[in-house]
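> Here's a sequence, model it:
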Amino acid sequence: MKILLIGEYSNVHNTLAEGLRRLGHNVVVASNGDFWKDYPRDIDLRRGDGIVGSIHFVARFVASLPRMRGYDIVQIINPMFLELKAEKIIPIYHYLRMHNGKVVLGAFGMDYYWVHENITRMPLRYSDFNMGDQLRTDDDAMKERADWLNTPKGRFNQYVAQDCDAIVAGLYEYWACYQPLFPQKTVFIPYPIKQNRQENDVDSQTHLPLKIFIGISKNRSAYKGTDIMLDAAKKLQQKYPKQVSLSVASGVTFKQYTLMMNEADVILDQLYSYTPAMNALEAMSRGIICVGGGEPENYEILGEDSLRPIVNVEPNEDSVFNALEQLVEHPEMIPVLKKQSIIYIRKHHDYIDVAKRYEKLYRKLIGNSKE
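Okay, the predicted model is just below:
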């Protein structure tokens, strides 16, 4: 098959492309590299700064349009798959629809349905937008609501969801928002990860201090809950100064971020999530323990009934503190969870196996199923 993957979130499309190529498919990735992370791509859609940067971007994009024709499958990472306003993306979407086969919409992150469903139907006990039946009113939550509800990009998202041939959700949370509304076209496929270590690489001996790592995005700390997680880690370090070390990445390059993460035993990631996303999954593939989202629904949708590598926490400081304290007081758990993390990634997120699931979906869409 000829497959075009447009847009990038945390290396999802680049890794998927590698897997699909290993299966013999012709795959092209067109993206901006996910901004500063600068992931590999075949067609560069990075937009420069200012008016000159915008002009160069438009010129480059128009020149690349002939390379975006004739594919069996076009998958877009999000309705807003380009750094343009929705009104300008609409004709590009129609162009892609006209000159290619089937179109797949990725439910991988922030979009209209993620916002709307979590403030109306509330399928999750907690999310970026609700805590139980109470709506969150922090600045970021309110900004996203204003950005997606009753706006051109929100209406465009609704149009694409109705028009596309399939919707792929990469996490349980996104599946819970889309599947009830589009049951015939919504499919859950886990994120693809390239394995970094084997479980035998993990030292079976316990070593302290427990090395905790957290990445802080200054503008979205309260929204993602990293402010609460950081406070819990600091309190733990104060209580156990010799048994705990804390590393905080804020405003560093992606390369430096990765180096800091690789030194850790534990990563704190996304307090309000039910499931580990790409950042935490990449860490787990390196044998780093994820403290964050590991709700029962995550394991259920994967069909996992034995492995429990994720240290699940409720969205409050006490829960995070207590979970970390358990690791300090029971260090024998650390190598066990590290090994389970690696096994979990290999079992559920191996990029070749994930690519096979996409391959099955794509073949079904184009009427070339081998079943």
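> Let me know the pLDDT of residue 369.
Residue 369 is assigned a predicted lDDT (pLDDT) of 48.
> what do you get for residue 202?
On the pLDDT scale, residue 202 gets 83.
> residues in contact with it?
287, 335, 338, 339, 342 (Cβ atoms under 8 Å, 6 or more residues apart in numbering). Using the backbone N, CA and C atoms, a C-beta is placed for each residue, glycine as well.
> again, but for residue 228
Contacts of residue 228 by Cβ under 8 Å, 6+ apart are 271, 315, 316, 317, 320.
> wait, the first one sits on residue 223?
No - taking contact to mean Cβ atoms under 8 Å, the distance of 9.8 Å between residue 271 and residue 223 leaves them out of contact.
> between the two, which one's more packed in?
When neighbours are counted by other Cβ atoms under 10 Å, residue 271 and residue 223 differ, and residue 271 comes out ahead with 24 against 21.
> distance of that one from residue 231?
11 Å (Cβ to Cβ, to the nearest Å).
> pull the helix or strand with minimum mean pLDDT from the chain.
helix 221-224 (a mean of 74; mean pLDDT, DSSP states H and E).
> Next one: residue 155 from residue 224, what distance?
27 Å.
> who has more neighbours, the two?
With neighbours defined as other Cβ under 10 Å, residue 155 and residue 224 compare such that residue 224 has more, 19 against 16.
> Strands of the stretch 51-200 of the chain, residue ranges please.
Assigned by DSSP state E, counting those that start in this stretch, the strands in the stretch 51-200 of the chain fall at 73-76, 102-107, 130-131, 134-135, 166-169, 186-188.
> Select, out of those, the one closest to residue 331.
strand 130-131 (32.6 Å; Cβ to Cβ).
> What mean pLDDT does the closest one get?
96.
> Please state the offset of it from the chain centre?
Offset of strand 130-131 from its chain centre (Cα atoms, centre = their mean, to the nearest Å): 20 Å.
> and what of stretch 330-344?
Distance, centroid of stretch 330-344 to centroid of chain: 23 Å (Cα atoms, centre = their mean).
> before we move on, the earlier item: can you name the two of the contacts of residue 202 that sit furthest apart?
With distances taken as Cβ to Cβ, the most widely separated pair in the contacts of residue 202 is 335 and 342, at 11.0 Å.
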